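next input, structure requested:
(2 chains)
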Amino acid sequence: MKEFVSAQSIDEALDTLSRFGDDCLIMAGGTDIMIQQRTGDIDPRRYLHIERIESLKGILVDEKILIGSTTSHHSIVSSKNLQRLCPGLVSASATVGGWQTQEAGTLGGNICNASPAADTIPSLLAANALVHLKSSSAERTVRLDEFIVGRRMTSRLEGELLVAIEVEALPANASEVYIKVGPRSAMEVALVGLAVRISISPLGIVENVAIATCSVGPKPFRAIAAETAILGSQLEDEAVMNAVSELTQEASPMDDFRASARYRKQVLGSALVNALNICQLQHKLREQS
Amino acid sequence: MKLSLTVNGRQESLDVEVGTSLLHVLREQLGLTGTKEGCAEGECGACTVLRDGKPIDSCIMAAHACEQSEITTIEVIGDSPDHPSELQNCLVESGGIQCGFCTPGFVMVLTALLKVNAAPTDAEIKHALAGNICRCTGYAQIIEAVIATAKTHQ
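Numbering: from 1, shown residues only, chains lettered A, B, ... in the order given. Predicted coordinates for the structure are as follows:
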């Protein structure tokens, strides 16, 4: 008979995980798991439900920003602190389905599901996110880009629980944006997702830039070559076109019924141009005020 | 596996297979068929119910994940079938109900919206409805109904 364990504390969850390991599927809001189970992709014998654990929820802003793993997308979108310090993540969480999905779906769930189309991951990568993992015997912190290892694959070890996500706040002179391309933004899946976080000096020179994508390869990734192409530039056309070319070369989108690979590549380039324009505009408005 | 669930203020003791959706339990085991199944993957909002006052898609919510929650369904919105809520009245008057299949989901989301925001703007209404699909109305009449409801409360 199948079993459903609803843990009330981190200790209880870690205890269950240490006993059953991978023979136990961790469920937070369940918005991905329930679909995968219905389509027959998974057939877990035992669920470990972690949504009731109060200490896994919430947003802590101190020297660093810590977001509990079962914090809902709705809580992220409603957080005044994150609206100010991590606006890219806020706009990404706001595109994860409609209100209903945002109430149930969690940030940790979006990460651990490790979908190639995970909306929150590009913005998290652009904010140099770290994931905090805990097991009954150890704790460790891993860079998000090392945690997500492939399509629906993470480097989470048997017995480990993702407890929190740490992000860097947006610097004072920086702008950021998340662009989701799709026929309906509340639709589950982005055809292309792109996050940009950029610092521009008063003279208009790009001092720091992070570009990250989803839905254009087996896993979301930071586009380092594209970043290099505009670092130190004044976002002149040539630098931007070089970045577009690097980004589209690095992307390996798939053809499926939602969109062709060719379309995704083309739209990815346009998304980068748009994202840089938006960030530059934000920078100019900030300089004027 | 045993499941005790609070639905519309009533405590229910059930035997439910692990992994079953809340929607299935509501419709098939409790006979609450006002909540509809549309897409069954959390895209259309027809199955929306309130879980502790917050709208969720019951088709992708595990029933056992609701043990400690209060579930509210369309059956208890309004005083009785003859006395619908103000929002339901306004939806009828504005033509916001046509085939009616999506309506329970819209009513649940909009009831939740009006509870936290008594006078929502057009943009706020549209934002709240991003997870609900209606193939009949074109949405304009639904938005009109929400604005009319807000006015009756002023």
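
burial of A:Glu238, as a residue count?
A:Glu238 is surrounded by 10 other residues when neighbours are defined as other Cβ atoms under 10 Å in any protein chain shown. From N, CA and C alone the C-beta is placed, and that goes for glycine too.

does it belong to a helix, a strand or coil?
When the structure is reduced to helix, strand and coil (DSSP: H, G, I helix; E, B strand; the rest coil), A:Glu238 reads as helix.

quick one: pLDDT of it?
The model reports A:Glu238 with a pLDDT of 97.

quick one, what contacts it?
With contacts taken as Cβ atoms under 8 Å, 6 or more residues apart in numbering or on different chains, A:Glu238 has no neighbouring residues.

for chain B, see how far away it is.
39 Å (Cβ to the nearest Cβ, to the nearest Å).

gap between that residue and A:Ala229?
As defined by Cβ to Cβ, to the nearest Å, A:Glu238 lies at a distance of 9 Å from A:Ala229.

next: B:Met108.
For B:Met108, the distance to A:Ala229 equals 49 Å [Cβ to Cβ].

what does B:Ala46 give?
Counting by Cβ to Cβ, the gap between B:Ala46 and A:Ala229 amounts to 46 Å.

quick one, strands of the chain?
Went with chain A since none was named. Listed in chain order, the strands of chain A (DSSP state E) span A:3-6, A:25-27, A:46-49, A:59-61, A:65-68, A:130-134, A:139-143, A:148-150, A:153-154, A:161-167, A:174-181, A:192-200, A:206-214, A:221-222.

chain B is the one I meant
So, for chain B - with DSSP E - the strands run B:2-7, B:10-15, B:48-51, B:54-57, B:70-72.

mind putting those strands into JSON lines with mean neighbour count, distance to B:Thr152 and mean pLDDT?
Written out in JSON lines, the entries for those read as follows (neighbours: other Cβ atoms under 10 Å in any protein chain shown; distance: least, Cβ to Cβ, whole Å; pLDDT from 0 to 100):
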{"stretch": "strand B:2-7", "mean neighbour count": "17", "distance to B:Thr152": "29", "mean pLDDT": "96"}
{"stretch": "strand B:10-15", "mean neighbour count": "11", "distance to B:Thr152": "30", "mean pLDDT": "97"}
{"stretch": "strand B:48-51", "mean neighbour count": "26", "distance to B:Thr152": "21", "mean pLDDT": "98"}
{"stretch": "strand B:54-57", "mean neighbour count": "28", "distance to B:Thr152": "22", "mean pLDDT": "98"}
{"stretch": "strand B:70-72", "mean neighbour count": "21", "distance to B:Thr152": "22", "mean pLDDT": "98"}
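
low-scoring stretches of chain B, by residue?
When the per-residue scores of chain B are filtered using pLDDT under 70, no range remains.

what's the answer for the stretch 51-200 of chain A, then?
Confidence mapping of the stretch 51-200 of chain A against pLDDT under 70 gives the ranges A:185-188.

contact partners for B:Ala63?
By Cβ under 8 Å, 6+ apart, B:Ala63 lies in contact with B:Leu3, B:Leu5, B:Val16, B:Thr20, B:Ser21, B:Leu22, B:His24, B:Val25.

redo that, cut-off 10 Å
With contact taken as Cβ atoms under 10 Å, 6 or more residues apart in numbering or on different chains, B:Ala63 is in contact with A:4, B:1, B:3, B:5, B:14, B:16-26, B:29, B:71.

give me the residue from chain B nearest chain A.
With Cβ to the nearest Cβ, the shortest gap between chain B and chain A falls at B:Gly131, namely 1.6 Å.

now that residue: closest residue in space that isn't a chain neighbour?
Counting by Cβ to Cβ, 6 or more residues apart in numbering or on different chains, the nearest residue to B:Gly131 once its immediate chain neighbours are dropped is A:Gly98, at 1.6 Å.

drop anything exposed from the contacts of B:Ala63.
Among the contacts of B:Ala63, those classed as buried by 16 or more other Cβ atoms under 10 Å in any protein chain shown are A:4, B:3, B:5, B:16, B:18-26, B:29, B:71.

quick one: which of those sit in helices?
B:Leu22, B:Leu23, B:His24 (DSSP state H).

near chain A, which of the residues you listed show up?
Contacts with chain A within those, counted by Cβ under 10 Å from any Cβ of the partner chain: B:Leu22, B:Leu23.

ok, so of the ones in helices among the buried ones among the contacts of B:Ala63, who is nearest A:Leu125?
The shortest approach to A:Leu125 among those belongs to B:Leu22, at 33.6 Å (Cβ to Cβ).

isn't the closest one right up against B:Glu37?
No. Between B:Leu22 and B:Glu37 there is no contact, the gap being 11.3 Å when judged by Cβ atoms under 10 Å.

spit out the residues that contact these two alike.
By Cβ under 10 Å, 6+ apart, B:Leu22 and B:Glu37 have these common neighbours: B:Cys47, B:Ser58, B:Cys59.

contacting residues around the second one?
Listed by Cβ under 10 Å, 6+ apart, the contact set of B:Ser58 reads A:100, A:104, B:21-27, B:35-37, B:42, B:46-51, B:66, B:71, B:73, B:105, B:108.

that older thread, so who does the residue of chain B closest to chain A touch?
Contacts here follow Cβ under 10 Å, 6+ apart; on that basis B:Gly131 touches A:97-103, A:186-187, B:42-45, B:48, B:55-57, B:105, B:109.
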